[in-house]
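**Q** The sequence and its predicted three-dimensional model are supplied below.
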Amino acid sequence: MAITAATKLSDFSGFIDREKSAAIFDQAAKTSVVQQLAPRVPLGASGKSIPVVTGKMSAGWVAEGAQKPASKGALALKTMDPKKIAAIAVVSEEVLRANPGGYIDLIRPQIAEAFAVAFDAAAMYGTASPFATNLATGSSTQEFTGTAPAFTAVYDDLNAGLSTLVNAGKKLTGWAFDNRFEPVLNGAKDTAGRPLFTEAPFTETAGPVRQGRLLGRQAFIGDGVYDSTTKTYGFAGDWSQSAWGVVGGISYRVSTEATVTINGELVSLFENNLVAILAEAEYGWLVNDPASFVKFQNAS
């Protein structure tokens, strides 16, 4: 055939496949903010009993020849029972073999993210929670001054939350705020003009959770802390009054013969050449004293 134009790559568009990259536009896997602050305790399959001090020894001055005071300590037990969380992904055998776009490689981190989202929602707000306690129920409330996002007195509001805790004989050991509040913290200053939030140097936190110091305490900023119903942006309190545990981590199983509910109907994997990937974990969560926490919100 006669040449009418130089041969270009576009002439072979149907023959040349585009090179595929990793899923660089996928949002980074979310890490649980609650699990960063609350202490982790070993948790067995049958649960855990945690001793709680309900009474302390006391001492008194004694005059010469006078009777010495007697007192005793007291303990109570609180239980943390593991609760199961699970997720099932169903794909065809062809998808499993071809792995288009690295889809199969993304399932594991996405399941871990889904577990973190569900755990934080249950631990903070009791959302679809199997646990008996959460941070929001029983905690104090501190309203932010002004209207979001232009809060007008961040330092005073945070300090008021601290005052609420210490006046009740509680401690503040750490802060947890949602990413929505990060721009506010970045611009907030104390009465001397110093930034309230300072980045923690040489500290690496797993996942997209920003770590720093706020009023001298550790602070974490991450996804999933904000509650749209109550307009809650974060929590502060004594995180030693909470605890979490997990039985053995996340386990994964693959089946080609099980039956799975799809679109409301039971479907045979074997009969339809499907593969199911099951992920399970057992978490425990306990808040000993919800009054040791204060939630910061802008409900008005």
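**A** Looks like it came in fine. Residues are numbered from 1 along each chain as shown.
**Q** per-residue confidence at the closest residue to L158 other than its chain neighbours?
**A** Using C-beta to C-beta, 6 or more residues apart in numbering and skipping residues adjacent in sequence, the residue nearest L158 is L215, 6.3 Å away. Placement of C-beta: from N, CA and C, glycine included. At L215 the predicted local distance difference test score is 92.
**Q** where's the residue most central in space within the chain relative to Q218, distance?
**A** The C-alpha lying nearest the average C-alpha coordinate of the chain belongs to S32 (C-alpha atoms, centre = their mean; 2.5 Å). In this structure, S32 lies at 15 Å from Q218, with C-beta to C-beta, to the nearest Å as the measure.
**Q** now F119
**A** Using C-beta to C-beta, we find F119 at a distance of 20 Å from Q218.
**Q** Which one of those two is surrounded by more residues?
**A** Comparing F119 with Q218 by other C-beta atoms under 10 Å, the one with more neighbours is F119, at 24 against 17.
**Q** now the helix or strand containing the more buried one, how far from the centre of its chain.
**A** For F119, the enclosing helix or strand under DSSP states H and E is helix 103-125. Computed by C-alpha atoms, centre = their mean, to the nearest Å, the chain-centroid distance of helix 103-125 equals 9 Å.
**Q** What is it packed up against?
**A** Contacting helix 103-125 under the criterion 3 or more C-beta pairs under 8 Å, 6 or more residues apart in numbering; DSSP states H and E are the following elements: helix 33-37, strand 83-92, helix 93-98, strand 242-246, strand 274-287.
**Q** Parallel or antiparallel, which strands does the second one pair with?
**A** When sheet partners are counted by DSSP bridges, strand 83-92 sits next to strand 274-287 (antiparallel).
**Q** now the strand it pairs with against helix 103-125, angle please.
**A** Strand 274-287 and helix 103-125 meet at an angle of 20 degrees, taking axes from the mean of the first three to the mean of the last three C-alpha atoms, to 10 degrees as the criterion.
**Q** just use 133 as the starting number from now, easier for me
**A** Got it, first residue is 133 now, which makes that one strand 406-419.
**Q** Having no further points to raise, I will conclude here.
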